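> Pasting the sequence and the predicted coordinates here, then a few questions.
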Amino acid sequence: MSMYNANKKGFYGKFGGAYIPELLHNNVEELRLTYLDILGSDEFKTDFDGLLKDYVGRPTPLYLAQNLSEQYQTNIYLKREDLTHTGAHKINNTIGQILVAKKLGKKRIIAETGAGQHGVATATVCALMGLECIVYMGEIDIQRQAPNVARMKMLGATVVPATSGSKTLKDATNEAIRDWINHPHDTHYIIGSVVGPHPYPDMVARLQSVISQEMRLQLKQKTGSETPTAIIACVGGGSNAAGAFYHFLEDENVQLIACEASGMGVDSGKTAATSFVGTEGVLHGSKSLLMQTKDGQVVEPYSISAGLDYPGIGPMHANLFETKRASFVAVTDKEALDAALELTRLEGIIPALESAHALASLKQLQFKKEDVVVINLSGRGDKDLSTYMKHFEL
Amino acid sequence: MNRIDSLFKNKPSDVLTIYFTAGYPNLDDTESIILGLAKAGVDLIEIGMPYSDPLADGPVIQASSKEALKNGMNLDLLFDQLEDIRSKTQVPLVLMGYYNQVIQYGLEPFCKKANQVGVDGLILPDLPLDEYKKLCAPLFMQYELTCTFLVTPSSTDERIREIDAASSGFLYAVSSHSITGGDSANNLSDYGSRLAALNLKNPVQVGFGIHDAKSFQAATAIANGGIIGSAFIKALSKEEVLENKIYSFIEGIRV
Ligand SMILES: Cc1ncc(COP(=O)(O)O)c(C=O)c1O
């Protein structure tokens, strides 16, 4: 049994589990009892692989970024999740979960979203499958991310503002969970990251693991070895990192590097770097690391990147942190913006602000000339143009 | 004997439980609300520990929790406010909140403090049975705290039995499939017959959606009593004299 994957009860070491009110028991139990069989079935595999290939555009390229490599005096490969349909890795998960939902006979899909990427990816698969789609989004995020709100609406989704709490991702997730409590039979909740009660973290990690599965094959072809020196990914809840790390978890010689958003700085009080400032706690149904007060109230995070603006991390990552299997790097708003511009100018690729946090870690890390470094470029920067326009005075 | 156990022994029916959020409407209302409720004849009181992310709660309790936190409520303060309560009333008191608050306070310090101020039991809706059995049960026992778990209309008989076996004090039967504050607690008879047929070891209180005399009667018809939360909180406001407000609210329930 791997010490980095979920055990039968959904625990990664001491993190994970299902800390849910009894009102959610049946919903979560139905999924827990069926998800492995569904994901393992030939029917699912055929449908999932087919859609990933022809609809999402997989496999995504593994691109040797020569100018960037030159700049950092090593060999840097970019895993191009930014080239997927809808522009981020989020679609891998929503394709998988919509197939699970159909198998379970669900008619109504709910989701939470922060930046709107997961909301768009969910609205997309619902349009494709003809299912009703309701996306909860913090009232404040609705204002910050107008283009993605419009995309969701055009795709036929209903976007419901979360007006409780701090009116951002955390509260949108609370509202989605409450909706699920109120609709116990016909509704599937597509969570957007490796968070939530068991089996979500494990299910989402499995669906995103296609990223590292492809990486192994592509690395073998391009470098002669399936394993690189290091894999770098940003962590909001941690789904793109989970997907990029998944098939390398047991290769202890592969360094896993998780980049968290530290906003204005780790100690500034305006940060989302959970592993640096968080403590053990329960949020959205699982035990993990959590930004909270000494009284156990969840603290509102801050990051310029809405996709990383979350006060927790998935239990898998809490365990990777605890066991030191992964190293965690904190990246500020400023460093991420600089890295986004650097990639754009060196390679002609405009990254998502989230992915820019992974790129920015290059300045903090040391690699040798012969090392092979893979950076998971989780998404493209179209959605962040207004932020870039403001900061780069475009 | 624990005050909750003696309550249900002496009064097996029509037990009225009221939930309020500590720190709402004003930071220092805790004692006046408890004493007001006790004086108005309420049998059992649930003191809500306000939480930033109350997953199972509807808009009314969310709003009162937010307001209470803004007023400055926290667990140390709540325990301070309860320090003398047992010299003033013997009404059974239960703390209700979310498991993260207890983890962060420290499981044993929390139990010890709760026991010391005279709290009789706990309701932590997101505490899983497994974790309760493994980590919490021995401490709750040591500090004489009952632990009430929730069941719902869609819980299987087997699940209800398992939850009943782990619970103490009373069992919390959620009236319908919804978060707190709905108004759907009127047609409960099937649920009631199912619960009755299971011969549960714990007395049962029906909650969620109980908001007036009629829905309270629907609860008492199928169980030992009912729990009112959102409707009571709605009735409270900063402007009015608490004691009068509490008295007239309870009078309206117990017609
Ligand atoms: C492009 C991109 N990368 C990363 C994330 C962060 O999510 P996760 O940590 O689950 O990969 C998001 C979330 O919106 C995103 O849009």
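Sure, I can see it.

> And the pLDDT at residue 149?
Let's take chain A. Note on A:V149: pLDDT of 96.

> My question was about chain B, not that one.
The predicted local confidence for B:F149 is 98.

> where in chain B is pLDDT low?
Filtered on pLDDT under 70, chain B yields the residue ranges B:183-187.

> bridging residues for the most centrally placed residue in it?
What sits nearest the mean C-alpha location of chain B, by Cα atoms, centre = their mean, is B:E46, with 3.5 Å. Taking DSSP bridges as the rule, B:E46 bridges to B:Y19, B:V94.

> how much space between it and B:S65?
13 Å (Cβ to Cβ, to the nearest Å). (C-beta placed from N, C-alpha, C; glycine too.)

> So which bits of chain A are right by chain B?
Residues of chain A lying close to chain B (Cβ under 8 Å from any Cβ of the partner chain) are A:9, A:17-23, A:25-26, A:164-165, A:170, A:174, A:177-178, A:181-184, A:279-285, A:290, A:292, A:294-298.

> Just the buried subset of these, please.
A:17-23, A:25-26, A:164-165, A:170, A:174, A:177-178, A:181, A:183-184, A:280-285, A:290, A:292, A:295-298 (16 or more other Cβ atoms under 10 Å in any protein chain shown).

> and the residue nearest to A:I257 when sequence neighbours are not counted, how many neighbours does it have?
Leaving aside its chain neighbours, A:I257 sits nearest to A:I232 (4.5 Å; criterion: Cβ to Cβ, 6 or more residues apart in numbering or on different chains). For A:I232, the neighbour count with other Cβ atoms under 10 Å in any protein chain shown is 28.

> for A:S209, same thing?
Around A:S209 there are 18 residues (other Cβ under 10 Å).

> now, which of the residues of chain A next to chain B lie close to the ligand?
Among the residues of chain A next to chain B, none lies close to the ligand by the criterion of Cβ under 6 Å from any ligand atom.

> From those, which land in strands?
Using DSSP state E, the subset of those located in strands is A:T279, A:E280, A:G281, A:V282, A:L283, A:L290.

> can those go into CSV with extra columns for pLDDT?
What follows is these, written out as CSV (pLDDT from 0 to 100):
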residue, pLDDT
A:T279, 97
A:E280, 97
A:G281, 98
A:V282, 98
A:L283, 97
A:L290, 98
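
> residues touching B:I163, list them.
B:I163 sits next to A:E22, B:L129, B:F149, B:L150, B:V151, B:S155, B:L171 when contact means Cβ atoms under 8 Å, 6 or more residues apart in numbering or on different chains.

> Which of these fall within strands?
Using DSSP E, the contacts of B:I163 in strands are B:L150, B:V151, B:L171.

> Show the pLDDT at A:H284.
At A:H284, pLDDT is 97.

> give me the number of residues near residue 63?
Since no chain was named, I'll use chain A. Residues near A:Y63, counting by other Cβ under 10 Å: 18.

> should've been chain B
With other Cβ under 10 Å as criterion, B:A63 counts 18.

> check whether the host helix or strand of it contacts chain A.
Assigned by DSSP states H and E, B:A63 falls within helix B:59-71. Yes: using Cβ under 8 Å from any Cβ, helix B:59-71 reaches chain A at B:P59, B:Q62, B:K66, B:L69.

> pretty sure the residue nearest to A:I257 belongs to a strand, no?
Yes: counting by DSSP: H, G, I helix; E, B strand; the rest coil, A:I232 is found in a strand.

> wait, it sits on A:L377?
No: here A:I232 lies out of contact with A:L377, judged by Cβ atoms under 8 Å, at a distance of 10.0 Å.

> hey, what's in contact with both of those two?
In contact with both A:I232 and A:L377: A:A358, using Cβ under 8 Å, 6+ apart.

> Quickly list the domain ranges of chain A.
Split into domains by automatic domain parsing, chain A comes to A:11-51+A:90-204, A:58-87+A:209-392.

> And the last one, how far out from the chain middle?
For domain A:58-87+A:209-392, the separation from the chain centroid amounts to 9 Å (computed by Cα atoms, centre = their mean, to the nearest Å).

> go on, stretch B:219-233?
Per Cα atoms, centre = their mean, the centroid offset for stretch B:219-233 relative to its chain is 10 Å.

> can you tell if that stretch touches chain A?
No: using Cβ under 8 Å from any Cβ, stretch B:219-233 never reaches chain A; the gap is at least 13.7 Å.

> Quick check: end-to-end length of that stretch?
By Cα to Cα, to the nearest Å, the extent of stretch B:219-233 from end to end equals 19 Å.

> buried residues in it?
Using 16+ other Cβ under 10 Å as the test for burial, stretch B:219-233 gives B:219-220, B:222-233.

> Wait, A:A330 touches A:V277, no?
No: using Cβ under 8 Å, A:A330 makes no contact with A:V277, being 9.3 Å away.

> what number of residues lie near residue 78?
In the absence of a named chain, this looks at chain A. For A:L78, using other Cβ under 10 Å, the count is 26.

> right idea, wrong chain: chain B
Around B:L78 there are 23 residues (other Cβ under 10 Å).

> Tell me the spacing between it and chain A.
10 Å (Cβ to the nearest Cβ, to the nearest Å).

> Not counting sequence-adjacent ones, nearest residue to B:P12?
Nearest to B:P12 is B:N224, by Cβ to Cβ, 6+ apart, at 5.8 Å.

> I'd assumed B:T17 was in contact with the one you found.
No: B:N224 lies out of contact with B:T17 (Cβ under 8 Å); the separation is 9.8 Å.

> could the domains of chain A be laid out in CSV, adding distance to B:L78?
Converted to CSV, the domains of chain A look like this (distance: least, Cβ to Cβ, whole Å):
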stretch, distance to B:L78
domain A:11-51+A:90-204, 21
domain A:58-87+A:209-392, 10
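
> Looking at these, spot the one closest to B:G182.
domain A:11-51+A:90-204 (8.1 Å; Cβ to Cβ).

> What distance separates the opening and closing residues of the closest one?
15 Å.

> same check, this time on stretch B:69-76
Across stretch B:69-76, first to last residue, Cα to Cα, it's 13 Å.

> Counting neighbours, which bits of it end up buried?
For stretch B:69-76, by 16+ other Cβ under 10 Å, it's B:L69, B:N71, B:M73, B:N74, B:L75.

> for stretch B:5-24, same thing?
Under 16+ other Cβ under 10 Å, the buried positions of stretch B:5-24 are B:5, B:7-8, B:15-24.

> Count the neighbours of whatever residue of chain B ends up closest to chain A for me.
Closest approach between chain B and chain A, counting by Cβ to the nearest Cβ: B:Q104, at 3.3 Å. When neighbours are defined as other Cβ under 10 Å, B:Q104 has 21 of them.

> For it, which non-adjacent residue is closest in space?
Take B:Q104 and drop its neighbours on the chain: the residue closest to it by Cβ to Cβ, 6+ apart is A:G296, 3.3 Å away.

> these two touch, right, the one you found and B:G106?
No: using Cβ under 8 Å, A:G296 makes no contact with B:G106, being 10.3 Å away.

> Which one (most neighbours) among the ones in strands among the contacts of B:I163?
Highest neighbour count within the ones in strands among the contacts of B:I163: B:V151, with 26 neighbours (other Cβ under 10 Å).

> How about the contacts made by that one?
A:E22, B:R159, B:I160, B:I163, B:D164, B:L171, B:Y172, B:A173, B:V174, B:L195.
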